[in-house]
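Chemist: Structure of the sequence below:
(2 chains)
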Amino acid sequence: MNVWKYGDNINTDMLFPGKYTYTCSTAEEIKPHLLEDLDPTFAKKVQPGDIILAGKNFGCGSSREQPVVGLKAVGIVAVLAESFARIFYRSAINQGLLLIECPQAVRAYTDEDSITLDIERGTITVGDKSFTFPKLPPEILAIRDAGGLLPYTRAKLKKKT
Amino acid sequence: MAMTFAEKVLAKYAKKQTVVPGQIVTVHPDRLLTHDNTAAIIQKIQPELENYGVYDPTLSIIVLDHVIPAASEKTATNHRLIREFVKKYNIKHFFDVGYGVCHQLVVEKGLALPGALLLGSDSHTCSYGAIGAFSSGIDRTEAASLMLTGETWLKVPQTIKMMLQGTLRPGVMAKDVILHIIGDLSASGANYCSVEFHGDVGQLSVDDRFTITNMGVEMGAKNAVFFVDDVTRRYLSSIGIPEKAYDPMYPDEGASYANELEYDLSTVVPVVACPHTVDNVKPVTELAGLAINQCLIGTCTNGRVSDFQVAADILKGKRIHPDIRLLILPASKSILEESLRKGIVETLINAGGILLPPGCGPCLGAHQGVLAPGERCLSTANRNFKGRMGCKDAEIYLASPATVAASALHGKLTDPRKELYV
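Modeler: Residues are numbered from 1 along each chain as shown, chains lettered A, B, ... in the order given. Next up, the predicted model:
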């Protein structure tokens, strides 16, 4: 597992340049351009199981969902940040990408540390230090457990008919 | 229990007496905005659309504005798919290429009303607080779900109360006010929060308020709002909406705020947001003389008649500096028409401006005015992120239309107050 570490205010243009927004929509189209203007090595080297660690306001800017779709598709297990922008946060719920808002864990991390997650318990271990993060409310867990917002909506529509 | 604006609107739409920050509610918004991204949205839900149709053909507002006229076969095909969808499902509020930027159209076509709840798959959906609506951005997947079901969840936000006191000085515009606030609060300073503007706001036109609420998301806000007053009522009346057509919503006396802030407008000066974050704000005087290659006046942030009027006042009878490309981007067709009637467009073109079709144009870097490596753009848009205008090795500075016009004239960053007093 690799940890990709970035700073504050990583916006959606850095995660996926705006110039591709209306020509790339599928995971396969998105993947080669992920983090293109932030870290050109990311798309080439990212592995399933990797984690992104960042500072404040991760995902700020445009409402484009390609960053979330792309990060999920390449197998990022979680983005751990001091804070997230709200549209990005909702988008991650909709796609089933795990976001963990835990500033203490971000600040505790050094390059030698390994990170382990226990999602059910809501704990994150950085090196030898453990931190807890709040569980999502039941309304949101229902979306996650359905596999994302569209599967959740499909099930709801089926029930109604 | 006394409630803030956001709490009152969300309680109403959740059909509850009261709500509290942090509570999750299910709501049916009045309107759902999507634009060129409608193509990707409907492709996600083809089988469901075939089986169930859209929830309500009057819910959606669809505007083709982001890459117009189409820049490639792919974007042209997106537009075609959207037109076919609109016809097939009888979507009522559709604006094809050339009408303007979605956010301007939602307001000027009277599709956002005071006290209404609107969601849109664009981050600048927060603009409609300019006329007292609650509006907020969502992603494409959520827009797809809303098209099918008409409902979604929202978390009741905490609210920040911003008291604007004092009178703006000549040469200082609403853009300077919001950049000043974001510079003070930071790009995440209002994250997840509703922002209410109170105080001496009678001096701010609906155009000014639009510039400010449009940039609410640049400090992380969920929504940003000015409350209905005579300025709002006059504006709404001018677009054919009588008072009886809407039900304004105001915060209760004694509502509980997460934070209360005061800004003295009389001390605000012309500012620029420097690369590559909107909160990197400095007075123009500090950077005066900085060389520029391209200037952009327009977009949903500053592309209204009053913005072009200010630029025309500065550029009338003059020529911009020969090293500058000055792009003029009206936020809508009706703004373009009025600017033509008033001779503003002629003034700007005679001064050396290049007129772009009403739409998003160069703001998002897909076409029309992409920058070269090493170039610098001074723009009235809302974002200066790295790569935003199509090139990661270019720089974008954000400023008011007055600052951009004065700078275009001299080929370098210029304090507009100098031009207005000569």
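Chemist: Going by C-alpha atoms from here, please, whenever you check contacts or count neighbours.
Modeler: Noted.
Chemist: isn't A:Leu98 right next to A:Gly75, touching?
Modeler: No. Applying C-alpha atoms under 8 Å, one finds A:Leu98 not in contact with A:Gly75, separated by 11.0 Å.
Chemist: ok, the two, which is more surrounded?
Modeler: A direct count of neighbours by other C-alpha atoms under 10 Å in any protein chain shown for A:Leu98 and A:Gly75 places A:Leu98 higher, at 18 against 15.
Chemist: That one: what's it in contact with?
Modeler: A:77-79, A:92 (C-alpha atoms under 8 Å, 6 or more residues apart in numbering or on different chains).
Chemist: Tell me how far it lies from chain B.
Modeler: Separation of A:Leu98 from chain B (C-alpha to the nearest C-alpha, to the nearest Å): 16 Å.
Chemist: quick one: the strands in chain A?
Modeler: For chain A, the strands defined by DSSP state E occupy A:3-5, A:51-54, A:78-81, A:99-101, A:115-118, A:123-126, A:129-132.
Chemist: Partner strands of the fifth one and their direction?
Modeler: Strand A:115-118 pairs in its sheet with strand A:123-126 (antiparallel), by DSSP bridges.
Chemist: next one: the third one
Modeler: Based on DSSP bridges, the strands next to strand A:78-81 in the sheet, each with its direction, are strand A:51-54 (parallel), strand A:99-101 (parallel).
Chemist: how about it: buried residues?
Modeler: Across strand A:78-81, burial judged by 16 or more other C-alpha atoms under 10 Å in any protein chain shown covers A:78-81.
Chemist: is the spatially most central residue of chain A in a bridge, and if so with what?
Modeler: Taking C-alpha atoms, centre = their mean, the centroid of chain A lies closest to A:Val79, which sits 4.3 Å from it. For A:Val79, the beta-bridge partners under DSSP bridges are A:Ile52, A:Leu99.
Chemist: Let me know whether B:Cys391 touches B:Leu371 as I believe.
Modeler: Yes. Using C-alpha under 8 Å, B:Cys391 is in contact with B:Leu371, at 5.9 Å.
Chemist: higher neighbour count, those two?
Modeler: More crowded of B:Cys391 and B:Leu371, by other C-alpha under 10 Å: B:Leu371, with 24 against 19.
Chemist: What does the pLDDT read for the more buried one?
Modeler: We have a pLDDT of 97 for B:Leu371.
Chemist: Can you give me every residue that contacts the residue of the stretch 201-350 of chain B found nearest chain A?
Modeler: Of all residues in the stretch 201-350 of chain B, B:Gly220 sits closest to chain A, at 6.3 Å by C-alpha to the nearest C-alpha. By C-alpha under 8 Å, 6+ apart, the contact set of B:Gly220 is A:60, A:85-86, B:187-193.
Chemist: Could you check how many residues crowd around B:Thr285?
Modeler: Neighbour tally, B:Thr285, other C-alpha under 10 Å: 15.
Chemist: low pLDDT regions in the chain?
Modeler: Defaulting to chain A. Residue ranges of chain A with pLDDT under 70: none are present.
Chemist: should've been chain B
Modeler: B:421-422.
Chemist: how does it divide into domains?
Modeler: B:5-264, B:271-417 (automatic domain parsing).
Chemist: Work out the gap between the last one and the centre of the chain.
Modeler: A distance of 15 Å separates the C-alpha centroid of domain B:271-417 from that of its chain, computed with C-alpha atoms, centre = their mean, to the nearest Å.
Chemist: sorry, back to before: okay if I get the strands paired with strand A:78-81 as TSV plus mean neighbour count and distance to A:Gly7?
Modeler: What follows is the strands paired with strand A:78-81, written out as TSV (neighbours: other C-alpha atoms under 10 Å in any protein chain shown; distance: least, C-alpha to C-alpha, whole Å):
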stretch	mean neighbour count	distance to A:Gly7
strand A:51-54	21	5
strand A:99-101	21	14
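Chemist: now these in JSON lines, with distance to B:Ala406?
Modeler: Listed next are those as JSON lines, based on distance: least, C-alpha to C-alpha, whole Å:
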{"stretch": "strand A:51-54", "distance to B:Ala406": "39"}
{"stretch": "strand A:99-101", "distance to B:Ala406": "44"}
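Chemist: Figure out which of those strands is closest to B:Arg325.
Modeler: Closest to B:Arg325 of these, according to C-alpha to C-alpha: strand A:51-54, at 37.6 Å.
Chemist: which residues touch stretch B:386-397?
Modeler: Residues contacting stretch B:386-397 (C-alpha under 8 Å, 6+ apart): A:13-14, A:17-19, A:37, B:272-276, B:362-367, B:369-379, B:384-385.
Chemist: Chain B contacts on chain A?
Modeler: Residues of chain A found near chain B (C-alpha under 8 Å from any C-alpha of the partner chain) are A:9, A:11, A:13-14, A:17-20, A:22-23, A:25, A:37, A:56-57, A:60-65, A:85-87, A:90-91, A:94, A:139, A:149-150, A:153-154, A:157.
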